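> Need a 3D model of the sequence below.
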Amino acid sequence: MKWPVIIERQTEPEALTLDWANLPFGRVFSRHCALARYDAAQWEAPTIRPMQELALHPGTSALHYGQAIFEGLKAYRRRDGTRLVFRLRDHYERLNRSARRLVMPKVPWELFQELVLALLRIEEPLFPPDLSHAVYVRPLLFATDPWLGVRPSDTYLLVIYLTPVGSYYEGPVRAYVETEMSRAAPGGTGSIKMAGNYAAALLSGQKAKAHHCQVSLWLDAVERQWVEEYSTMNAFFVFRGPVIVTPSLERGTILPGITRDTLLYLARRRGWTVEERDLAIEEVVQGIAEGRLLEAFGTGTAATIMPVQAFWYQGKLWELPPEAPYAQMLRADYYSLLDGTLPAPPEWITLL
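You can find the predicted model right below:
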């Protein structure tokens, strides 16, 4: 089904000048946003309109009971001017997995695709000159019933907007190993992009900052020994070999990252040994002490690939060598996928 989009453009758009060298992450927004409402068990005609604040009733269900999910994907411009969206379908599928877990309506593929691509075409001036920056696409779906009562909403709003971005972190990060609080438990919502998951991580983030760390490293909620993920990224570790280790998704407590999946593809393409398995925090620190753990890094749509140079654990800073050659090789391969010099599965690249 093709979804005709009602488009209302800014009547007098302001000239857009972006300082790409000093662009703050997530602070500059598109001049338009896309909206689609769900009511009476069906999606209404979608619109693209000038960016403006949303009018919400104080009883809006999502504000009280947390029926709110989101996605984050990126669009790029190659040096030859070609514009593309990376792994659009995979982000769409993950959005709907999140929706199913929170008893929210499925977003039709044709609706999602049409809104994302139409908005990106309208906001062409947001595209950077090359792959060093990107246009971050933020779809948000939340419950809108004005209702005090715990039940699934009957109405929902899908909002999509854009923000031009550079690096999420300024450089390699340190990780604070969280041993007191938990991010997710088996059977919970750790494997979806639910808004509340990130709010629950903020207090640990303050603890990390107090120890001069930029991220938290979460352990499992049951035994508090198994590595799960960073507060903003999936976790990877490089042992001698090289052997690339990342925590398994089997417990259902880790977000199945799209960038994580891409990096697994690239590591296997290089012929490296890849293990998706349980990894104890003690194996990490022992690996550092014995020189078997060569490097660590995190992956995510916002951060892309970010080396982790040290872990604060049990009152001690466990430091890795400052160089991160394996992360850098994978990062180079990642951008080669984007610029087309490295073959990617065809469904990963959507050209505009």
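> what's the neighbour count on Arg151?
The number of residues packed near Arg151 is 12, by other Cβ atoms under 10 Å. Yep, even glycine has a C-beta here, placed from its N, CA and C like the rest.
> so what's the closest residue to Leu102 other than its chain neighbours up against?
In this structure, Leu102 finds its nearest non-sequential neighbour in Gln67, 5.4 Å apart by Cβ to Cβ, 6 or more residues apart in numbering. Gln67 sits next to Ser61, Leu102, Val103, Met104, Phe142, Ala143, Pro152, Ser153, Tyr156 when contact means Cβ atoms under 8 Å, 6 or more residues apart in numbering.
> give me the number of residues near the third one?
Taking other Cβ under 10 Å as the criterion, the count of residues near Val103 is 11.
> quick one: the residue nearest to Leu102 from Leu140, how far?
Separation of Gln67 from Leu140 (Cβ to Cβ, to the nearest Å) stands at 12 Å.
> same question, Ala296
With distances taken as Cβ to Cβ, Ala296 is found 31 Å from Leu140.
> which one of the two has more residues nearby?
Ala296 (30 against 19).
> Quick check: that one touching Phe237?
Yes. Contact criterion Cβ atoms under 8 Å: Ala296 and Phe237 qualify, at 5.0 Å.
> Touching both of those two, which residues are there?
Contact with both Ala296 and Phe237 is made by residues Val284, according to Cβ under 8 Å, 6+ apart.
> which residues are contacting stretch 234-249?
Residues from elsewhere that reach stretch 234-249 (Cβ under 8 Å, 6+ apart): 191, 217, 226-229, 254-257, 259-260, 263-264, 267, 272-279, 284, 287, 292-300, 326-327.
> So what would you say the end-to-end distance of that stretch is?
Using Cα to Cα, to the nearest Å, one end of stretch 234-249 lies 11 Å from the other.
> what's the answer for stretch 205-223, then?
One end of stretch 205-223 sits 21 Å from the other (Cα to Cα).
> Just give the nearest non-adjacent residue to the most centrally placed residue in the chain, would you?
For the chain, the residue nearest the mean C-alpha position is Thr301 (4.3 Å; Cα atoms, centre = their mean). The shortest distance from Thr301 to any non-neighbouring residue, by Cβ to Cβ, 6+ apart, is to Gly72 (4.7 Å).
> Near the one you found, how many other residues are there?
Residues within reach of Gly72, counting by other Cβ under 10 Å, total 18.
> before we move on, what about Gly340?
13.
> how near is it to Pro346?
Distance from Gly340 to Pro346, counting by Cβ to Cβ: 12 Å.
> Over to Ser30?
To Pro346, Ser30 is 28 Å away according to Cβ to Cβ.
> who has more neighbours, those two?
Legend: neighbour count by other Cβ under 10 Å for Ser30 and Pro346, higher for Ser30 (25 against 7).
> got the contact list for the nearest residue to Gly26 once chain neighbours are set aside?
Of all residues not flanking Gly26 in the chain, Thr163 sits nearest, at 5.4 Å (Cβ to Cβ, 6+ apart). Taking Cβ under 8 Å, 6+ apart, we find Thr163 in contact with Gly26, Arg27, Val28, Phe29, Ser30, Val135, Tyr136, Arg138.
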